[in-house]
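Chemist: Return a 3D structure for these sequence lines:
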Amino acid sequence: MDSSDLPILKTPDPTVNKTINGRRILLRGFTEADESPAIAFVNSAGGQLVQSLQAADLVIIGPSGADKVATLARQRQLRVVDWSDLESPGAAESVTASSPLAERSAIEITPDFVRILDVVVPRTGDMPSDGPEADRFANLCLDEPFLRAARAVALGVVERMPTALEGTTAASKTTAVLWLAHLLGQPVLRLNLNGQTDTGELIGRYVPTRGGEDWDLASLAALGPRLRKETRALLDEALAAQRPLTWAERTFIAARERFQERTWRFAEGVIPQALRSGAWVLLDELNLAEPQVIERLNPVLETPSTLLMSEGDHTRWGPGGLPVHPEFRLFATLNPAEYSGRSILSPAFRDRWLQWYFAHAPGEAEYVAQLRFLIEGVHPKFQVGRVCYQAMPGKPLLPELAEVPRIEDYLSMIACFHFAMASAGGEGGRASSLGRGRRERYVFTRRSLEACARLWASMRRRFPEACPRSQLASVLTTVYLNRLSPGADRKAAIGLAEVAGLPLEEGE
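Modeler: Presented below is the predicted three-dimensional model:
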């Protein structure tokens, strides 16, 4: 579509912008004729349109009125405003602004660079193409929250900034780093931190070795006459077969030749390995490790990176020591400190992460887009500033569901229900209404949603003549209801499904 075909949006006045910007907006009481300008108006003011009360935090009532929706919204303590109160002079006309929106592909991949939104990452050409495999990203929906997180990673690469991605579970923080590494063919050393992590995993430690396990057989065989006959025979046999010596053979040779065995060696951790090779380091669950352990990274986080390996032979990296590979980068992911078991990071440590990005949890619109991508292979379109971005379509992964009658309605209902369940479980920092008596909260993420779609598609492949609504009821029970404690939590989930218009059977 040519950019000239897009609507020109009026810029709302500042008071309207403050009312709508950043909010999830539900429109009700609009006719088909006057809904289009209202949608354009909300988008231009920075609002996000949703399709249910569970997902909304502001309801706009149109000229036709919607008393029942307004009453329900007020009962939920949502703000309700009339469309007429938001209209600035000529706002409903929807088209008088200065410049049209431009359309652009969300990503661009060439032999010379990779572009994520507006950030261009040059390819160096001297790194091996052994990054993460492509198969793990086949189900990745390139929506706005994910691409904004990937943009932050790209900016960290270009500007050489240590980058931390903070956000809720399954906000695609780790995936954003690995996906960009895949596009660039960049190797990544990934380390999951926990309360038992020590500096040895990061920097290195001495480890025991078995005698002779690091022998160079060709160099040893070159000693020739200095070795005993039995030793030469074993070496010649191993070299001819192009195999290493067995433990028994190494032990025999060491005893016959009276070699002094080395029983300990220094094994480098992920940081010196990456400093030397130019790999990226990804530290997952950063705030699960003890603060005194991760603060060992402080000199590595500085510009330029430095490191004195006091755990080993005191090798020095950085100015005055070994050179740091120019492609070395450091990334971290973490959940908010409110999650159980997380450490409070010191201000000095946080300050050294020059880019600290909060990855936003997906909303109802992103859940619909994820389902549509799995079924149709189409990525969603979204607006950043005056540019509309959309990634090129991919291959549908679950085409069986495209044949289900009213599938678009089902997608909206499933996304509405999933968002309600995730919110009730406390996703995005919301107060949890499910599992209040449990020590661990319920978690419903993109993985749950994808599992739901894949299980439904599998049923359609095996039993195409069966009732799709009954199959969906079984799927929702399996993925959502059976995860809940019997009693109040299950009843609440059934109620949320009914509100969304979905069937849900009582589990076993």
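Chemist: burial count for residue 116?
Modeler: 27 (other Cβ atoms under 10 Å). The C-beta positions use only the backbone N, C-alpha and C, and glycine is treated the same way.
Chemist: Pull the contacting residues for it.
Modeler: The neighbourhood of residue 116, defined by Cβ atoms under 8 Å, 6 or more residues apart in numbering, consists of 106, 107, 147, 150, 151, 153, 154, 180.
Chemist: got a pLDDT number for residue 262?
Modeler: If you check residue 262, the pLDDT there is 63.
Chemist: follow-up on the earlier one: ok, which pair from the contacts of residue 116 is furthest apart?
Modeler: Of all pairs drawn from the contacts of residue 116, the widest gap by Cβ to Cβ lies between 106 and 153 and measures 14.4 Å.
Chemist: Enumerate every residue touching the closest residue to residue 403 other than its chain neighbours.
Modeler: What sits nearest to residue 403 in space, not counting adjacent residues and going by Cβ to Cβ, 6 or more residues apart in numbering, is residue 460, at 7.6 Å. Residues in contact with residue 460, defined by Cβ under 8 Å, 6+ apart, are 400, 401, 403, 404, 468, 471.
Chemist: for the helix or strand containing residue 375, packing partners?
Modeler: For residue 375, the host element (DSSP states H and E) is helix 364-376. Counting contacts by 3 or more Cβ pairs under 8 Å, 6 or more residues apart in numbering; DSSP states H and E, helix 364-376 is packed against helix 407-424, helix 446-462.
Chemist: Columns distance to residue 340 and mean pLDDT on top of the ones you listed, output as JSON lines?
Modeler: Listed next are those as JSON lines, based on distance: least, Cβ to Cβ, whole Å; pLDDT from 0 to 100:
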{"stretch": "helix 407-424", "distance to residue 340": "18", "mean pLDDT": "93"}
{"stretch": "helix 446-462", "distance to residue 340": "20", "mean pLDDT": "96"}
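Chemist: most tightly surrounded among the ones you listed?
Modeler: Neighbour counts averaged per stretch over the helices and strands packed on helix 364-376 are highest for helix 407-424, at a mean of 23; criterion: mean count of other Cβ atoms under 10 Å.
Chemist: what angle sits between that helix and helix 364-376?
Modeler: 140 degrees (axes from the mean of the first three to the mean of the last three Cα atoms, to 10 degrees).
Chemist: on contacts alone, who are the packing partners of helix 407-424?
Modeler: Counting by 3+ Cβ pairs under 8 Å, 6+ apart, helix 407-424 packs on helix 364-376, helix 446-462, helix 468-479, helix 488-500.
Chemist: Buried residues, the last one. List them.
Modeler: So that's helix 488-500. 489, 490, 492, 493, 494, 496, 497, 499, 500 (16 or more other Cβ atoms under 10 Å).
Chemist: one step back: let's have the helices and strands packed on helix 364-376 in JSON lines, adding distance to residue 439.
Modeler: JSON lines is the format used below for those (distance: least, Cβ to Cβ, whole Å):
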{"stretch": "helix 407-424", "distance to residue 439": "17"}
{"stretch": "helix 446-462", "distance to residue 439": "20"}
